[in-house]
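Peer 1: sequence below, structure please.
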Amino acid sequence: MIRPYRKFLSERFEGAKVSNIDEIRALFNEVDEKLKEKPELEYSSLISSALGAFSIGYASEKSKRVIFIQS
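Peer 2: The predicted structure is shown next:
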C-alpha cells in the first residue's frame, strides 16, 4: 500500500531520474529551491512531512534533506 506522502512525492517528481550524480544534484536543487527555510515555523526536533512542506513552501534544512531522500 502506498502511503499518502509517497503518492504525493511520486506524483510531484514523476519522471525524475537519478542514475548519475548530476541528476541527483538537480533533484536536490529542485527541492532546495522550492522549499524556503523559515526556522521559526518549525520545532528543531521535528521534521515536516513532504506534503506539509510543499503545501506551505517552507521547511527546515533537516526537513529538506529528509524530503530529498524520500523522493
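
Peer 1: may I see the buried residues of stretch 61-68?
Peer 2: Ser63, Lys64, Val66, Ile67, Phe68 (16 or more other CB atoms under 10 Å). C-beta coordinates here come from the backbone N, C-alpha and C atoms, glycine included.

Peer 1: ok, stretch 26-36 next?
Peer 2: Under 16+ other CB under 10 Å, the buried positions of stretch 26-36 are Leu27, Phe28, Val31, Asp32, Leu35.

Peer 1: Gly52: which of those residues is nearest?
Peer 2: Comparing the buried residues of stretch 26-36 against Gly52 with CB to CB places Leu35 closest, at 10.6 Å.

Peer 1: quick check: longest helix in this structure by residues?
Peer 2: Criterion DSSP state H: the longest helix present in the chain is helix 21-34.

Peer 1: narrow the buried residues of stretch 61-68 to those in strands?
Peer 2: Cross-referencing these against strands under DSSP state E gives no overlap.

Peer 1: could you give me the buried positions within whichever strand or helix holds Leu51?
Peer 2: Using DSSP states H and E, Leu51 falls within helix 50-56. Within helix 50-56, the residues scored as buried using 16+ other CB under 10 Å are Ala50, Ala53, Phe54.

Peer 1: how about CSV for these, with pLDDT added?
Peer 2: Output for these, formatted as CSV (pLDDT from 0 to 100):
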residue, pLDDT
Ala50, 81
Ala53, 83
Phe54, 83
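
Peer 1: just put these in CSV and tack on distance to Pro39.
Peer 2: Shown next, in CSV, are those (distance: CB to CB, whole Å):
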residue, distance to Pro39
Ala50, 18
Ala53, 13
Phe54, 18
